[in-house]
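Asks: Sequence and predicted structure below; questions after.
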Amino acid sequence: MTEVSNLQFPPFQVKCVEVFKEFYQTITKHRKLSWIYSLGTCNINGKFEAKTIELIVGTYQAAALLLFNASDRLSYSEIKTQLNLADDDLVRLLQSLSCAKYKILTKEPNTRTVTPNDYFEFNPKFTDRMRRIRIPLPPVDERKRVVEDVDKDRRYAIDASVVRIMKSRKVLGHQQLVMECVEQLSRMFKPDFKANQEEDGRSDNP
């Protein structure tokens, strides 16, 4: 298992991870333990003024909530720095905790969207008729993410093709280079050299 996120845990979660790691190493010495945080869930006891409510949240959400054990008020940038999360992931989890059905955090300004200028506080007045609630994350636009990943892979393929051709030909005009790249890559996809060059800040001149 591998985890692409560089999530940085608050101290309490770090201790939990280390304890389990030590336990796992007593069972086997031949396997490497890795963590897929995006698939994890945590049960947190939220102590509100009305009553204690058990919150079932994802690992990212739990990490964000635990920051408020040590701080009454945190800015978006402070949360981002402490958790070391990408903006897309951070916006999703803060949206779920402050703008959705269960407002565990209050947000300033009190709007329905999360921005880098926002500030967050634990909401002690939150209550619900249930004593155990599950707080889901907003769905990811999977189609958009897949398209972005495919585009990124294609740009890498185009760059690799250019490098291979120029290593073998040394000197080559722009149009001839494009033609040879298209010939190499046409079985995989239709290369968009103009978009690739614009994103890389390159000129269309040879």
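Replies: Sure, I can see it.
Asks: For Gly40, see how far away Lys32 is.
Replies: Per C-beta to C-beta, to the nearest Å, Lys32 is found 18 Å from Gly40. C-beta coordinates here come from the backbone N, C-alpha and C atoms, glycine included.
Asks: Between the two, tell me which one has more neighbours.
Replies: The neighbour count for Lys32 versus Gly40, taken as other C-beta atoms under 10 Å, is higher for Gly40 (13 against 8).
Asks: any idea how far Glu18 is from that one?
Replies: Relative to Glu18, and taking C-beta to C-beta, Gly40 is found at 16 Å.
Asks: cool, Arg134 as well?
Replies: Distance of Arg134 to Glu18, given as C-beta to C-beta: 27 Å.
Asks: just to confirm, which helix or strand has Lys29 in it?
Replies: Per DSSP states H and E, Lys29 falls between elements, in no helix or strand.
Asks: From Trp35, how far out is it?
Replies: 19 Å.
Asks: Pick out whichever of these two has more residues nearby.
Replies: A direct count of neighbours by other C-beta under 10 Å for Lys29 and Trp35 places Trp35 higher, at 17 against 6.
Asks: how about the more buried one, secondary structure?
Replies: Put simply, Trp35 is coil when judged by DSSP: H, G, I helix; E, B strand; the rest coil.
Asks: which residues touch Gln176?
Replies: Counting by C-beta atoms under 8 Å, 6 or more residues apart in numbering, Gln176 touches no other residue.
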